[in-house]
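In: this one's sequence-less:
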């Protein structure tokens, strides 16, 4: 599903931080990614929920400072940026500091890092995490054969003709499936990142 | 087929009809230019490469072809979470229940077969998956299922004996019934006979009516949630995990699509508020599936399915299963109406209708078909003929007029409403269809109205 359009009225309501539609919609997309990432960063399983929650609070707090500037930059794009910065800061922390202690100390640690300290390498790492997550999500949406048409040709680098023969379909069907799967992965990433993945 | 960029884009959006899909697929086998264009529309070459290399470098087990399914570990999880049993006959203990085996698993957790020694009875225990038990939302949903189901007492609804919602792992205790799910039966038999479809449909509708009477919408009516008690042919509706009070406005829109796409109603797919009639749509998809052995809305992905079920008519049921009578097809189509207002008014009405139909099928000589059955459009042919005749007359006029003007001729009805645009092209294509063009009753009604409107118009 394409993400719903961000509506101004919802953004205003978001400011009071109580649960509301815009936030929920963002959460639906972002929380699964966040949980996976927090787990992958070596957070002990019993702390995963806590740490994710702290990150979400950090994101929600920053969102509160947003003022619509009337420009074309969408709220969602902005939310995506805030989330990205918070998460990259989190990824940069030493493993030993990742605990479920939470609270204001945790938020302070995050705030101690400025945006300037985020470099291209870190951004790339974040994007890679997003790609993996998006692929996982999209994989479940497609039939097994469609996924294989994509995986075997694009990831394993096999020829379309080979894969078509193996799956017992026409090459045309493989072209269609692989492009569909890829387009969905791209959409998924853009729902969060909102920059063209180029 | 010629190269068509629009079709390529629509293929990515999964908005092609089955026929378009086939012809584009055939074209793509031949046309290099379209192969490249389709890839370009899906994303820039650099993006293709980045995704490809990232996935290649990643741990294949998580996203690769050999995808490990959670189910494989579900039983281990459950076993790990049980207390040791005092007897070696059992694999463990949960409260006062001795657990014999794992009998199933779903999205929410595992189902265990257990024995309560004090009550000397077999029970089925549904345990919330440990990884979900840490989530407040999942626990809430689990508790809601228990409360919702406990409120319904009906022979066609699986009852709940007890609920333990506060412990480390919440669980629900139900009677143990030797049964198979309708999904299992479908997998075994492919499709079912009319008489069985009617019987199962009637009982499911009765179970739904009981839920609706309590103000609950099931929201996940599908073959896997309909159990068939072995030997007595009794149907039991189960898994109210997504059930929701109809008046519960607080969580009407969360952006999460709850339900199983293949059996969802269009309003559910759009994330709109649903009422009892949403379950009737799902019942329609179940009946269609039982009769044909395939779900009515099929596509390559979840998104494609959702789009089909909001926008398209399914392939005519009788085209796949000609042995089913036309009146049965009409009942299914009425259940599958896109707009809830065009469906039956209630599950009770559906249950009564199916009961009447069942009696008719069992004794066709003495029991007539219920008169509440949706009308089979036998007049469709004659109506089409009439439309054709009118079309020809209009066409004759239009052709005459178009000698002076290239524009389509618009006939404004005297009252307000949509203008009826008749162009030379569309008039000609009226004749294109061989069989019934549109199976939906609502479409048929619209036709009827359009036809009546035409009668009111003076011919040019």
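Out: Right, received. Where do you want to start? The structure displayed is predicted, hence computed values, not measured ones.
In: in stretch B:310-330, what counts as buried?
Out: B:310, B:313-318, B:320-321, B:324-325, B:328-330 (16 or more other C-beta atoms under 10 Å in any protein chain shown). To be clear about C-beta, it is placed using only N, CA and C from the backbone, and glycine gets the same treatment.
In: Stretch A:123-141 too?
Out: Neighbour counts over stretch A:123-141 (16+ other C-beta under 10 Å) mark A:126-139, A:141 as buried.
In: can you narrow these to ones near chain B?
Out: Near chain B, taking C-beta under 8 Å from any C-beta of the partner chain as the test, the members of the buried residues of stretch A:123-141 found are A:127, A:128, A:131, A:132, A:135, A:136, A:139, A:141.
In: Need these in JSON lines (columns: secondary structure).
Out: As requested, these are exported to JSON lines (DSSP: H, G, I helix; E, B strand; the rest coil):
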{"residue": "A:127", "secondary structure": "helix"}
{"residue": "A:128", "secondary structure": "helix"}
{"residue": "A:131", "secondary structure": "helix"}
{"residue": "A:132", "secondary structure": "helix"}
{"residue": "A:135", "secondary structure": "helix"}
{"residue": "A:136", "secondary structure": "helix"}
{"residue": "A:139", "secondary structure": "helix"}
{"residue": "A:141", "secondary structure": "helix"}
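In: Let me have those residues in CSV, extended by pLDDT and distance to residue B:203.
Out: Formatted as CSV, these follow (pLDDT from 0 to 100; distance: C-beta to C-beta, whole Å):
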residue, pLDDT, distance to residue B:203
A:127, 85, 53
A:128, 86, 52
A:131, 90, 48
A:132, 89, 46
A:135, 90, 42
A:136, 85, 39
A:139, 86, 37
A:141, 82, 33
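In: Of those residues, which is the nearest to residue B:92?
Out: residue A:136 (32.0 Å; C-beta to C-beta).
In: wait, residue B:279 sits on residue B:222?
Out: No: checked against C-beta atoms under 8 Å, the pair residue B:279 and residue B:222 is beyond contact range at 10.8 Å.
In: Those two: which has the busier surroundings?
Out: Comparing residue B:279 with residue B:222 by other C-beta atoms under 10 Å in any protein chain shown, the one with more neighbours is residue B:279, at 30 against 22.
In: wait, what's in contact with that one?
Out: B:208, B:211, B:212, B:217, B:218, B:219, B:221, B:265, B:347 (C-beta atoms under 8 Å, 6 or more residues apart in numbering or on different chains).
In: Against residue B:180, how distant is it?
Out: 22 Å (C-beta to C-beta, to the nearest Å).
In: and if you look at residue B:130?
Out: To residue B:180, residue B:130 is 27 Å away according to C-beta to C-beta.
In: what does residue B:358 give?
Out: Distance from residue B:358 to residue B:180, counting by C-beta to C-beta: 21 Å.
In: Residue B:364 too?
Out: Separation of residue B:364 from residue B:180 (C-beta to C-beta) stands at 30 Å.
In: More neighbours: those two, which one.
Out: Set side by side, residue B:364 and residue B:180 show more neighbours around residue B:180, with 13 against 10, by other C-beta under 10 Å.
In: mind checking the SS state of the more buried one?
Out: Three-state assignment for residue B:180 (three-state DSSP): strand.
In: Quick check: it touching residue B:226?
Out: No: checked against C-beta under 8 Å, the pair residue B:180 and residue B:226 is beyond contact range at 10.2 Å.
In: Overlap of the contact sets of these two?
Out: Common contacts of residue B:180 and residue B:226, defined by C-beta under 8 Å, 6+ apart, are absent altogether.
In: tally of neighbours for the closest residue in space to residue B:133 that isn't next to it in sequence?
Out: Once flanking residues are discounted, residue B:133 sits nearest to residue B:169: 5.4 Å by C-beta to C-beta, 6 or more residues apart in numbering or on different chains. Summarising burial for residue B:169: neighbours were counted as other C-beta under 10 Å, giving 17.
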